[in-house]
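Asks: using only what follows, build the 3D model:
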Amino acid sequence: MNTFYLEHANITVNNMDNAVYFLKTAFPHFEKRGGGVSNGRTWLHFGDETTYVALNTPSEDLHIQKDYKSSGINHLGFVVSDAGTIAKHLLDAGYKRSFPRQEEQFRIREYFYDADGNEYEFVEYLSDLASERNSYA
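Replies: This is a model prediction of the structure:
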């Protein structure tokens with residue numbers, strides 16, 4: 001069987017420190033993997049040995065309204081062992097839910113916006129069976 005996973009997502013943020021704070025709040029074990037300046041833009045790879053988020057600053061200040069009505073990334077989804085704890089940490093840090101907590105038979109999902117309006121989903125699966133994890137009923 002082939003194993004595959006999403007190694008990273010690459011997003012542009014208005015404030016690198018705010019983006020790192022959001023991710024560090026959600027994933028305290030994430031650390032800087034690498035970073036620098038390229039073509040006048042600051043970049044940072046922030047994550048663990050397996051998964052990271054590539055953060056880039058724009059060449060100019062961007063404030064784009066994100067929604068599900070136009071093309072582009074709607075949210076980044078992370079499988080986590082305890083969605084409730086992550087949600088509590090984010091709420092305690094002042095972040096807002098973008099969608100109400102979703103409790104289903106085989107999963108719990110929490111959705112939050114970071115300071116730039118990027119949406120993140122944190123999903124906790126309540127089953128190890130693929131047929132149940134992938135149930136959409």
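Asks: which residue ranges of this structure form strands?
Replies: 8-12, 31-38, 41-47, 52-56, 76-79, 97-103, 107-113, 119-125 (DSSP state E).
Asks: tell me who's in contact with Ser127.
Replies: By Cβ atoms under 8 Å, 6 or more residues apart in numbering, the contact list for Ser127 reads Phe106, Arg133. C-beta here means a position set from N, CA and C on the backbone, and glycine is covered the same way.
Asks: how many residues are close by Gly77?
Replies: Taking other Cβ atoms under 10 Å as the criterion, the count of residues near Gly77 is 15.
Asks: chain neighbours aside, what residue packs nearest to it?
Replies: Glu121 (4.1 Å; Cβ to Cβ, 6 or more residues apart in numbering).
Asks: and the pLDDT for the most centrally placed residue in the chain?
Replies: Centroid-nearest residue in the chain: Tyr120, 4.0 Å away (criterion: Cα atoms, centre = their mean). We have a pLDDT of 94 for Tyr120.
Asks: surely it is in contact with His75?
Replies: Yes - counting by Cβ atoms under 8 Å, His75 is a contact partner of Tyr120 at 6.1 Å.
Asks: residues in contact with the residue nearest to Gly77?
Replies: So Glu121 contacts His75, Leu76, Gly77, Phe78, Arg109, Glu110, Tyr111 (Cβ under 8 Å, 6+ apart).
Asks: if we can go back for a sec, need the contact list for the residue nearest to the centre of the chain.
Replies: Tyr120 touches Phe22, Ala26, His75, Leu76, Gly77, Phe78, Tyr111, Phe112, Tyr113, Asp114, counting by Cβ under 8 Å, 6+ apart.
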